[in-house]
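*Asks:* please work out how this folds:
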Amino acid sequence: MNLFEKYGGADFWSDFLNDVYKRLTNSDLTRHHFMNKNISHIKEMLLGLLELTLVSDSHISEAEMKDSHKPMGITNEEFDEWVNIYRTTLQELGVADTDVTFIANMLSSYRSSIVADI
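*Replies:* Coordinates of the predicted model:
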């Protein structure tokens, strides 16, 4: 069974993203990236990306990732906050440690495509 279905499919991951974005928009480090943004659209897009990566173990194009994130000016510190929020939320929702590590490592593999000026 793939990781997307293992924890309940779209319903689980949608709830997960709701928790993550609540934390990201409350974080002093990351909230400015979400002001005047359509969070619902962002969550829908990320739900699709989670399904793609967790079902088929596919990787998102790093060039596309870089193009979409470059204008945001995301720092290493902000990226670390995002990964830590993902990790904490996954743990609190009962995701197995090995799966949390896998997902955090997958996210971390995109650092050079998301963080500005690496």
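*Asks:* so what touches the lowest-mean-pLDDT helix or strand in the chain?
*Replies:* In the chain, no helix or strand scores lower on mean pLDDT, DSSP states H and E than helix 62-69, which sits at a mean of 76. Contacts with helix 62-69, where a contact means Cβ atoms under 8 Å, 6 or more residues apart in numbering, come from 110, 112-114, 116. The way it works is simple: take the backbone N, C-alpha and C, and place the C-beta from them, glycine included.
*Asks:* 6 Å instead?
*Replies:* 110, 113-114 (Cβ atoms under 6 Å, 6 or more residues apart in numbering).
*Asks:* specify which member of the residues you listed is nearest to Phe34.
*Replies:* Ile114 (14.9 Å; Cβ to Cβ).
*Asks:* for the closest one, give its distance to Ile74.
*Replies:* Distance of Ile114 to Ile74, given as Cβ to Cβ, to the nearest Å: 6 Å.
*Asks:* and Arg87, by the same measure?
*Replies:* Per Cβ to Cβ, Arg87 is found 17 Å from Ile74.
*Asks:* same check on Val95?
*Replies:* As judged by Cβ to Cβ, Val95 and Ile74 stand 24 Å apart.
*Asks:* how about low-confidence regions in the protein?
*Replies:* Across the chain, residues meeting the criterion (pLDDT under 70) sit at 57-59, 118.
*Asks:* all helices of it, in order?
*Replies:* For the chain, the helices defined by DSSP state H occupy 3-6, 9-26, 39-56, 62-69, 76-92, 97-108, 111-114.
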